[in-house]
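K.L.:
How does the following fold in three dimensions:
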Amino acid sequence: MKFPVLAVALACAALINAPVTAATPTEATEIVTAQGFSPERLKRLDAAIDEQIAGKQLAGGVMVVMRDGKPVVFKAYGQRDVENARPMRTDTIFRIASMSKALTTVAAMILYEEGRFLLKDPVARYLPAFANLQVALPGGGTEKPRRALTIHDLLTHTAGMSYGPGPAKAAYDAAGMKDWYLVGNDETLSAWTDRFAALPLQSQPGDQFIYGYATDVLGRLVEVVSGQSLDQFIKARITDPLRMPDTGFAVPPEKVARLANVYGLEGGQLKLMETSDKSDFVNGPHKLMSGGAGMLSTAGDYTRFLQMLLNKGELDGVRILAPMTVALMTSDHLADKSRGDADGFGLGFWVNVRRGGFKELGSEGAFGWGSAYFPQYTVDPKERLIILLMTQLRPAGSSTLHLRVRTLTYQALIN
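P.N.:
Numbering: from 1, shown residues only. Below is the predicted model:
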């Protein structure tokens with residue numbers, strides 16, 4: 001395996017702010033073995049990523065594997081800017097799209113722990129624009145909701161809010177519900193939420209798992225309940241306490257060079273889709289904060305967030321959530337209504353209820369999610385394990401690398 005000499009040292013520096021100390025290849029191998037992994041089997045993970053880059057199916061990425069809070073893999077592959085031959089680095093900044101949802105969910109659960117609301121509370125109690133909802137019917141027309149839309153519905157994506165598909169698609173299209181979260185949008189989250197509340201739901205509250213804008217509405221609820229803008233609340237209550245300096249809703253000018261380009265697969269060919277300097281996440285004005293899809297982060301930052309969840313709400317002496325709250329979030333709430341990579345859904349991510357629920361390798365109780373830009377994370381409490389791939393590939397064509405890295409990690413875990 002291509003063990004980088006400073007892999008472990010850099011991982012410690014980025015993830016736990018420890019001093020950089022050089023590690024020899026032999027020492028790196030010994031550390032991997034001590035964490036229960038087979039160095040020989042772990043070569044398959046490197047090989048799969050390198051193969052995609054060599055075949056021009058991926059520009060580059062950062063791979064993280066952590067066990068017991070210690071780095072097994074923390075490595076950059078390929079390039080963040082192919083055209084200018086700029087290598088990928090472990091501190092590269094990525095658009096994380098739907099991986100923003102976990103941060104917004106944690107923000108809401110912080111307020112829940114403070115007694116500001118109950119999960120069964122009607123959304124309209126805090127966001128009055130949702131007081132007169134209608135539900136679209138498949139054959140046309142609308143009907144009244146059979147029960148109130150609740151905060152729990154928002155958290156579990158059973159709120160009848162899609163990203164467009166469904167019986168209310170024409171209303172969504174007419175309202176311009178497409179890529180609204182980009183920072184070039186001149187609308188505030190407050191104004192967008194009021195406008196969105198006027199659209200029919202795609203299904204009755206609680207009836208179906210429908211992935212979509214529910215977490216963005218949740219972000220507005222965080223603003224109303226806390227009295228702070230969503231970006232300010234997440235910074236003050238999550239990213240600053242956890243020492244995640246590169247996670248937020250926009251890239252400041254001094255960090256633009258670290259933002260990766262976006263590439264995509266079209267006709268099987270890798271093409272440049274967006275350069276870092278022309279990204280909407282760089283150029284303002286930045287008014288609309290999407291809690292569902294509008295954030296950026298680094299591999300090191302996001303791993304610290306995931307480690308906090310794995311530690312049942314605490315990291316480095318900083319407690320964000322209580323253990324019982326994390327247990328609630330990572331329990332299955334939907335049973336046979338769930339959709340996605342596993343057989344259950346919690347509050348903010350899929351949850352693997354039973355071995356075989358993935359239909360791939362994985363433990364009971366593991367949870368995770370991914371991003372439209374191709375990153376993917378898995379947190380496995382049973383194995384005390386974090387698996388994270390960060391990259392920028394949209395559209396991803398038929399690539400399954402973001403899912404295969406999970407299998408390639410698990411198969412190397414032998415103790």
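K.L.:
Please determine how far the nearest residue to residue 216 once chain neighbours are set aside is located from residue 34.
P.N.:
Distance criterion C-beta to C-beta, 6 or more residues apart in numbering; nearest residue to residue 216, sequence neighbours excluded, is residue 292 at 4.2 Å. Backbone N, C-alpha and C define where each C-beta goes, glycine included. Taking C-beta to C-beta, to the nearest Å as the measure, residue 292 falls 39 Å from residue 34.
K.L.:
Between those two, point out the one with more neighbours.
P.N.:
Remark: of residue 292 and residue 34, residue 292 carries more neighbours, 23 against 13, as counted by other C-beta atoms under 10 Å.
K.L.:
That one contacts residue 102, correct?
P.N.:
No: taking contacts as C-beta atoms under 8 Å, residue 292 lies outside contact range of residue 102: 10.6 Å.
K.L.:
what is in contact with those two at once?
P.N.:
Counting by C-beta atoms under 8 Å, 6 or more residues apart in numbering, residue 292 and residue 102 have no contacts in common.
K.L.:
Just give the closest residue to the residue nearest the centre of the chain, not the sequence neighbours.
P.N.:
By C-alpha atoms, centre = their mean, the chain has its centre lying nearest to residue 99, at 1.3 Å. Closest residue to residue 99 apart from its sequence neighbours, by C-beta to C-beta, 6+ apart: residue 371 at 4.7 Å.
K.L.:
dump the residue contacts of that neighbour.
P.N.:
Residues near residue 371 by C-beta under 8 Å, 6+ apart: 95, 96, 97, 98, 99.
K.L.:
From residue 262, how far off is the fourth one?
P.N.:
When C-beta to C-beta is the yardstick, residue 98 and residue 262 sit 15 Å from each other.
K.L.:
so the residue nearest to the centre of the chain sits right up against residue 301, yeah?
P.N.:
No: applying C-beta under 8 Å as the test, residue 99 and residue 301 come out as separate, 11.1 Å apart.
K.L.:
I figured residue 63 hits residue 386, correct?
P.N.:
No: contact criterion C-beta under 8 Å: residue 63 and residue 386 do not qualify, at 11.3 Å.
K.L.:
now for the host helix or strand of residue 302, which elements pack on it?
P.N.:
Using DSSP states H and E, residue 302 maps to helix 299-310. Contact here means 3 or more C-beta pairs under 8 Å, 6 or more residues apart in numbering; DSSP states H and E; on that basis helix 299-310 packs against helix 7-16, strand 60-67, helix 100-113, strand 314-315, strand 376-380, strand 385-391.
K.L.:
which one of these lies closest to residue 330?
P.N.:
Taking C-beta to C-beta, strand 376-380 is the member of the helices and strands packed on helix 299-310 nearest to residue 330, at 8.1 Å.
K.L.:
So what's the gap between that closest one and the chain middle?
P.N.:
Relative to its chain's centre, strand 376-380 lies at 10 Å (C-alpha atoms, centre = their mean, to the nearest Å).
K.L.:
Please find the angle between the direction vectors of it and strand 60-67.
P.N.:
Compare the direction of strand 376-380 with that of strand 60-67 by axes from the mean of the first three to the mean of the last three C-alpha atoms, to 10 degrees and you get 0 degrees.
K.L.:
Who are the packing partners of strand 376-380?
P.N.:
Counting by 3+ C-beta pairs under 8 Å, 6+ apart, the packing neighbours recorded for strand 376-380 are helix 299-310, strand 367-370, strand 385-391, helix 401-410.
K.L.:
Go ahead and name everything in contact with that strand.
P.N.:
Here strand 376-380 makes contact (C-beta under 8 Å, 6+ apart) with 99, 302, 306, 309-310, 362-363, 365-370, 385-389, 402-403, 405-406.
K.L.:
One more: stretch 202-210?
P.N.:
By C-beta under 8 Å, 6+ apart, the residues outside stretch 202-210 that reach it are 135-136, 145-150, 153, 156-162, 165-168, 212, 334, 337-339, 345.
K.L.:
And the buried ones among these, selectable in ChimeraX?
P.N.:
Only the buried entries of those go into this ChimeraX selection, using 16 or more other C-beta atoms under 10 Å:
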select :135,136,145,148,149,150,153,156,157,158,159,160,161,162,166,167,168,212,334,337,338,345
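K.L.:
Strands - which of the contacts of stretch 202-210 land there?
P.N.:
135, 136, 345 (DSSP state E).
K.L.:
give the contact list for the first one.
P.N.:
Which is residue 135. 142, 143, 144, 145, 160, 200, 201, 202, 203, 204.
K.L.:
Need the max-distance pair from the residues you listed.
P.N.:
The largest separation in the contacts of residue 135, counting by C-beta to C-beta, is between 144 and 202 at 15.0 Å.
K.L.:
Output the contacting helices and strands for the longest helix seen in the chain.
P.N.:
Ordering each helix of the chain by length in residues (DSSP state H) puts helix 39-54 first. Contacts defined by 3+ C-beta pairs under 8 Å, 6+ apart place helix 39-54 against helix 25-34, strand 60-67, strand 70-81, helix 401-410.
K.L.:
Enumerate the positions of it that are buried.
P.N.:
In helix 39-54, counting by 16+ other C-beta under 10 Å, buried: 39, 41, 42, 44, 45, 46, 48, 49, 52, 53.
K.L.:
Restrict it to CA atoms and write it as CSV.
P.N.:
Taking Å, rounded to 0.1, in the frame of the first residue of the first chain, the C-alpha atoms of helix 39-54 are listed here in CSV:
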residue,chain,number,x,y,z
PRO,A,39,-2.2,-3.6,5.5
GLU,A,40,-2.2,-6.0,2.5
ARG,A,41,-6.0,-5.9,2.3
LEU,A,42,-6.1,-2.1,2.7
LYS,A,43,-4.1,-1.9,-0.5
ARG,A,44,-7.3,-2.6,-2.3
LEU,A,45,-8.7,0.8,-1.2
ASP,A,46,-5.8,2.7,-2.6
ALA,A,47,-5.9,0.6,-5.8
ALA,A,48,-9.6,1.4,-6.4
ILE,A,49,-9.2,5.1,-6.0
ASP,A,50,-6.0,5.2,-8.0
GLU,A,51,-7.6,3.2,-10.8
GLN,A,52,-10.5,5.7,-11.1
ILE,A,53,-8.0,8.6,-11.3
ALA,A,54,-5.8,6.8,-13.8
